[in-house]
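Peer 1: need a 3D model of the following:
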Amino acid sequence: MRAKYEVPFLWSQAPQRQSHSPPWAQLRKLRHLLQVNCHLLLGNGESNFWDADWTGLGPLRGLLQNNHPPYPLNLKINQVMGPDGLLQNKSFPASLPASVRLHITSEGMSLRQGEDRIIWTRARWAWYPLLPPKIAIFSWKILHKAVLVDIGVKNKGIQMAFACVCCQSEGRSEESLDHLFVGSELASAMWSFFSSSLDVDCLPNQSADIWLARNEHRFENRPFSIQHSINKLINPLPTFSVVKWIRPPRGWVKLNVDGSSRGNTGLSGSGGVCRNKKSEFLFAFAIGYGVGSNFMAKVRAVVDSLKLCKDLGYSNVEVESDSITVVNLFSNTGKAHWFVCYCRHQLDILRSAIATSIKHIPWQANAVADSLARWGSSNQQYWLFHSASDLPCSTRGELVLDRVGLGTIRF
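Peer 2: Residues are numbered from 1 along each chain as shown. Okay, here's the model as predicted:
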């Protein structure tokens, strides 16, 4: 409906036609079901104020006398509601029932970034944005009894041995949806473990794990153990480390560099910052290269930054790049693209005048150089900063975080 008639949330106003294709005719029959069970999730408030169901009470047009709004029909939500959720027009609240005004205030509705979008209100938790789609779909299938368990097979007239494989004790019950996901020994142990450990009553992904354990035991003949199934859930927890910028050795300066391309291939540039043992700012640069790739910008960043160090009188330079490919290219002497060979030659000339080492660093610890590289690709000019106060605002913040030694979590 939305694509065919360009009426994103006004299901009831889709135009009537005398002839429809068979699929479209079936969709028309579901129009009322969609309108009743769909709800508008507020974003930037570009939807129609009167006809979109953004309050959960239905279209506001139907709550007014004679269904005739006192404002223009094309009134948008963001023309009436501010980002803080307050109604901007002082004369507007009197045109709606007090219960509606109270509902808007008590629900804490407010505008957000992004477009307004329509969501299915039934089992809304199953379609939570951060929930993996396969878990959401499986939860939806459970709610609609679309998961084929033993009782479902029996109801189809197929005779087989009906016993729940997720129970280890004798006298096992038949496998139904309620028994498998709620009352079986495996389900009871999982719900009990996680409710006591995490203080939650329900985790959608646990149902999928119960189903997986059941199928592994029944169809792959894997040994069944309740404790083993629980351990599979808690063992693969993500590991992480804390990365941060490390000061250079005494007598050396550290040069962090990076390259950037807006579109790859697109407008490219490089950036870098040089600091000493005390984390003191020495200089920084941002250079625009014109149209090029992200990889070539990172390669040029190494050579151009070392040329700057030589010109400014720094003789012991430790270079760090977050591209392991670039670091390996300068460390090896094998065949490469002609431009890489040219940069290698330039680096050999520089190494005859200054002592250098090129190392890899995680991108989380290279934030200052990354910010300068994006600045160079955006502005397409040559910038040389001799003072930290001259840096872009976003870069100054990253520089302060490095100086105080604040790390970033890396999974």
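
Peer 1: from here on, contacts and neighbour counts on C-alpha atoms
Peer 2: OK.

Peer 1: got the domain ranges for the chain?
Peer 2: 2-120, 125-234, 253-410 (automatic domain parsing).

Peer 1: pick the most buried one from those.
Peer 2: domain 253-410 (a mean of 19; mean count of other CA atoms under 10 Å).

Peer 1: what average pLDDT does that domain get?
Peer 2: What domain 253-410 shows for mean pLDDT is 93.

Peer 1: next one: that domain to chain centre, how far?
Peer 2: Offset of domain 253-410 from its chain centre (CA atoms, centre = their mean, to the nearest Å): 28 Å.

Peer 1: same question for stretch 47-61.
Peer 2: On CA atoms, centre = their mean, the centre of stretch 47-61 falls 29 Å from the chain's centre.

Peer 1: so what are the sheet partners of the lengthiest strand in the chain and their directions?
Peer 2: Of all segments of type strand in the chain, defined using DSSP state E, the longest is strand 281-292. Paired strands of strand 281-292, with direction, are strand 266-275 (antiparallel), strand 382-385 (antiparallel) (DSSP bridges).

Peer 1: and these as CSV, adding distance to D150?
Peer 2: Putting those into CSV (distance: least, CA to CA, whole Å) gives the following:
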stretch, distance to D150
strand 266-275, 58
strand 382-385, 71
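
Peer 1: between those, which one is nearest to A284?
Peer 2: With CA to CA as the criterion, A284 lies closest to strand 266-275 of the strands paired with strand 281-292, at 4.2 Å.

Peer 1: can I get the CA coordinates of the closest one in CSV?
Peer 2: Output in CSV follows, covering the C-alpha atoms of strand 266-275 (Å, rounded to 0.1, in the frame of the first residue of the first chain):
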residue,chain,number,x,y,z
GLY,A,266,36.4,9.8,-4.1
LEU,A,267,38.0,12.9,-2.7
SER,A,268,40.9,11.7,-0.6
GLY,A,269,43.4,13.1,1.9
SER,A,270,45.7,12.3,4.7
GLY,A,271,46.4,13.5,8.2
GLY,A,272,48.7,12.9,11.1
VAL,A,273,49.9,14.2,14.4
CYS,A,274,53.4,14.1,16.0
ARG,A,275,53.9,14.0,19.8
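
Peer 1: who are the packing partners of the helix or strand just after the longest strand of the chain?
Peer 2: Per DSSP states H and E, strand 281-292 leads on to helix 294-312 as the next helix or strand towards the C-terminus. For helix 294-312, the elements it packs on are strand 253-262, strand 266-275, strand 316-321, helix 324-331, helix 338-351, judged by 3 or more CA pairs under 8 Å, 6 or more residues apart in numbering; DSSP states H and E.
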